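K.L.:
need a structure here:
(chains A and B)
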Amino acid sequence: MIARRLLPIALTAILAAGALRAELAGDAEAGAVLYGQCKGCHEIGKGAEDRIGPHLNGLFGRRAASHEGFAYSASMQRAGVDGLIWGFDTLDAYIENPRALVSKTRMSFRGIKDAQDRADLMAYLRSFSADPANIPEAAPTARGTDHSVDPAILAIQGDPEYGEYLSSECVSCHQADGSSDGIPSITRWPQEDFVVAMHAYKNKLRPHPVMQMMAGRLSNEEIAALAAYFKDLD
Amino acid sequence: MTLNRRKFIAVGAATAASLSAPAVLADGHGKPRVVVIGGGSGGATAARYIAKDSQGAIDVTLVEPSRTYFTCYFSNLYIAGFTDLEDISHTYGTLAAKYGINVVHDWAVDVDRDAKTVSLAGGSVLPYDKLILSPGIDFVEGAVPGWSVAAQNKMPHAYKAGSQSELLKAQVMAMPEGGRFAMVAPPNPFRCPPGPYERISMVAHVLKQTNPTAKILLVDPKESFSKQALFEEGWERHYSGMIERVGPDFGATNVRVDPAAMTVDIDGSVEKVDVCNVIPAQKAGRIADMAGVTDGNWAPVNAADMSSKADPDVHVLGDSAQQGDMPKSGFAANSQAKVCAMAVRGALTGSKVFPAKFTNTCWSLIAADDGVKVGATYEATAEKIAKVDGFISQTGEDAATRKATYEESVGWYAGITADMFN
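P.N.:
Numbers count the residues shown, from 1 in each chain, chains lettered A, B, ... in the order given. Model prediction:
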């Protein structure tokens, strides 16, 4: 746990030199330019207010969907209740592909594929979080874990027959007819969304202890098989 | 000791044979026949999956004495008023109508493993190629001296849901002001490890509203119990000063009751109480014993397919099975049933058999919107069902997390009961 032991020193460095933190995690000036994609919906800075999306001041360390007065999607509220906290890793994943982290987020944004661009954007966002000490998991040297799903994994053709057998574990909680009463429906999802979401659980980016446990023991082929089975389930 | 050496050797040989090829039905009758005894989380799931997935290739008979089944899970919530009895009741019509399962409402009273037949109390005899036993629990006679089934009206167990749940709820509601509720908790292993403690929570919830000066006495022969830190934190937060737990260090392993006098004798100290919920020590449902597949109180099984260690053509599911690391829970029985159903179909029709996977999650409610959970995944090893990975709710979680956990449990209830009965 070298990284963890270094953290207090690193935080001290952040507190001492405001400019340094941005350089280490990304370039805030480049991020300011990239933020142009966001500002149609999100205000940031002094006097920022909620618009189509919530304002983004003080975002780091905040629980998802916890900003008072903004009407979040049910999906984002669920993520918040499940323990999604905005830090480097989670925000990196969300900005890369919003729906991979929060399935039915209302943020209609295709995502930023380039990791350096995301780091730059986060450096910019982070400069509007009041107290860097409140940034969890955000040591200046931190980098998001690799949450992008390898195209080779996305290309796996799942065996629906195997998926049907595996699905018997899912339907102890998720109803096979697609009803959702307290537990979300998992039928008829686009296969890619299903695979990306399951890998986000497997890699512990999406919070939820049951789903992290269930996805954690599934192989890439098994996830593909489940996606293939649930895709067509009526 | 029901498993003797002679039987054990015979089983070994038979198991080896059954692994080599799908069964060829020697006596030339038509479709292969599966008889399932017990229509709860294990039996109803197994019957439904075998019938559904074999699409008519296997005759499935489900033997269950009750026409209406009440789940034990959520019956504590009924006692607290969070759910109605109708909400935890289920019937078998869909299993018959949609899947063609022959649902027989009768008691299985004997199993002849040589002739491969099951005798019913009504006089019928059912032949089988594969028998699945999922009879739940029975109580160990004399486990709590002074208590017997004859006394269960005075001192309900309410550990098989239905009329007993109604009785216990009525007794709690009728307690005198400032009265005392006692529970005699069971020793390990028993059905639903967090169940007695969820019940304590739910009774406390009712009493806090209707009878706030009432007290709860928990007499527990165990040193520790499931989700203990979570329950104790919740009891302190919601029901401070109401619940007293007497453990083995204060004599809780030496308990007798007197139903006529409504007293509990804890190692010589006699306590007068107003309601006494006795949950005795447990064993496999009696038909497992009659079938000769038990060893002591439970029925040992092979983890890969839930087959009895005494007979490869008999499978035992759920509470009755001695399988290894899984708790005795409805979720576990449902999970084991799917592994068993796949193995039975494979043996009888040659369908594909995938490796066994097991899961369990147990949700408990401590107070309104204060839910907690514990869960794990398991795999089959040569020795047992072995735990792979797990999680548990944390103490100090915020209210939103606990509320979401409770709502999730409601969703799970809808899911698992649909997986059994719809």
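K.L.:
and chain A, which residues reach chain B?
P.N.:
Within chain A, the positions near chain B by CB under 8 Å from any CB of the partner chain are A:78, A:80-83, A:161-162, A:165-166, A:168-169, A:171-177, A:179-183, A:209-210, A:212-214, A:216-217. (Each C-beta comes from the backbone N, C-alpha and C, glycine too.)
K.L.:
quick one: buried residues of the host helix or strand of A:Tyr124?
P.N.:
Secondary structure assignment for A:Tyr124, by DSSP states H and E: helix A:115-126. Of the residues in helix A:115-126, A:117-126 count as buried by neighbour count, 16 or more other CB atoms under 10 Å in any protein chain shown.
K.L.:
try stretch A:193-200
P.N.:
Within stretch A:193-200, the residues that count as buried by 16+ other CB under 10 Å are A:194-200.
K.L.:
wait, which of those is closest to chain B?
P.N.:
A:Met198 (14.9 Å; CB to the nearest CB).
K.L.:
need the phi and psi values for the residue of chain A most remote from its centre.
P.N.:
What lies farthest from the middle of chain A is A:Glu161; by CA atoms, centre = their mean that is 30.7 Å. Backbone torsions of A:Glu161, given as degrees, to the nearest 10, read phi -70, psi -40.
K.L.:
and for B:Trp298?
P.N.:
Torsion angles, degrees, to the nearest 10, at B:Trp298: phi -130, psi 170.
K.L.:
same question for B:Asp313.
P.N.:
phi -90, psi 0.
K.L.:
skipping adjacent residues, who's closest to it in space?
P.N.:
B:Lys130 (5.6 Å; CB to CB, 6 or more residues apart in numbering or on different chains).
K.L.:
what about the stretch 1-150 of chain B, any weak spots by pLDDT?
P.N.:
For the stretch 1-150 of chain B, applying pLDDT under 70 flags the ranges B:1-29.
K.L.:
up against chain A, what does it have?
P.N.:
Applying CB under 8 Å from any CB, we find that the stretch 1-150 of chain B lies next to chain A at B:Tyr49.
K.L.:
pLDDT at the residue in the stretch 301-422 of chain B that chain A sits nearest to, what is it?
P.N.:
Using CB to the nearest CB, the closest approach of the stretch 301-422 of chain B to chain A is made by B:Gly411 at 2.8 Å. Looking at B:Gly411, its pLDDT is 92.
K.L.:
can you give the distance from the helix or strand that it is a member of to the centre of its chain?
P.N.:
In the assignment (DSSP H and E), B:Gly411 maps to helix B:399-421. How far helix B:399-421 lies from its chain's middle: 18 Å, per CA atoms, centre = their mean, to the nearest Å.
K.L.:
equivalent analysis for stretch B:406-422, please.
P.N.:
That offset, for stretch B:406-422, works out to 16 Å (CA atoms, centre = their mean).
K.L.:
could you do stretch B:225-241 as well?
P.N.:
For stretch B:225-241, the distance to the chain centre is 24 Å (CA atoms, centre = their mean).
K.L.:
what helix or strand does residue 196 sit in?
P.N.:
I'll assume chain A. Element membership for A:Val196, per DSSP H and E: helix A:191-202.
K.L.:
wait, chain B
P.N.:
helix B:195-210.
K.L.:
what residues does that helix touch?
P.N.:
With contacts defined as CB atoms under 8 Å, 6 or more residues apart in numbering or on different chains, helix B:195-210 is touched by B:72, B:76-77, B:79-82, B:158-159, B:172-173, B:175, B:181, B:183, B:185-186, B:214, B:216, B:218, B:220, B:225-228, B:231, B:234-235, B:238-239, B:242-243, B:277, B:279, B:364-368.
K.L.:
now do the helices in the stretch 201-350 of chain B.
P.N.:
Remark: helices assigned in the stretch 201-350 of chain B by DSSP state H, counting those that start in this stretch are B:228-238, B:286-290, B:330-349.
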